[in-house]
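Participant: Structure, please.
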Amino acid sequence: MAVGCGGVAAGASVGVVASRMTRLEWVRLEQRVECRMDVVGVVVLLAYIVFSLFRSRIVGLWVPAA
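Facilitator: The predicted structure follows:
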């Protein structure tokens, strides 16, 4: 029961952070979608890019066959 509640809480937290990262707005006069990212979104995006570039080295620290 506690694990399930913890999973729901973790999922809700990730959802709140993810929803704050990017805001999409329709600009009626220009007929296009405009995107704005806040600081949390930029930090998460940069962390993802760094992890993607160095994934094998990071995983290789704990998994010998990586």
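
Participant: distance between stretch 34-45 and the chain's centre?
Facilitator: Stretch 34-45 sits 9 Å away from the centroid of its parent chain (Cα atoms, centre = their mean, to the nearest Å).

Participant: what comes up buried for it?
Facilitator: 41, 44 (16 or more other Cβ atoms under 10 Å). Quick note: C-beta positions are derived from backbone N, CA and C, even for glycine.

Participant: Between the two ends of it, how far is it?
Facilitator: Terminal residues of stretch 34-45 are spaced 18 Å apart (Cα to Cα, to the nearest Å).

Participant: what does the average pLDDT come to for that stretch?
Facilitator: Mean pLDDT, stretch 34-45: 79.

Participant: try stretch 12-29
Facilitator: 78.

Participant: how about that stretch as CSV, C-alpha atoms only?
Facilitator: Taking Å, rounded to 0.1, in the frame of the first residue of the first chain, the C-alpha atoms of stretch 12-29 are listed here in CSV:
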residue,chain,number,x,y,z
ALA,A,12,2.1,13.6,-9.4
SER,A,13,5.4,15.4,-8.6
VAL,A,14,6.9,14.6,-12.0
GLY,A,15,3.7,15.7,-13.7
VAL,A,16,3.7,19.1,-11.9
VAL,A,17,7.3,19.7,-12.8
ALA,A,18,6.8,18.6,-16.4
SER,A,19,3.7,20.8,-16.8
ARG,A,20,5.7,23.8,-15.6
MET,A,21,8.6,23.3,-18.0
THR,A,22,6.9,24.3,-21.2
ARG,A,23,4.0,26.6,-21.9
LEU,A,24,2.4,26.5,-25.3
GLU,A,25,0.2,29.4,-26.3
TRP,A,26,-1.7,30.1,-29.5
VAL,A,27,-1.0,33.6,-30.8
ARG,A,28,-4.2,34.5,-32.6
LEU,A,29,-2.9,37.6,-34.5
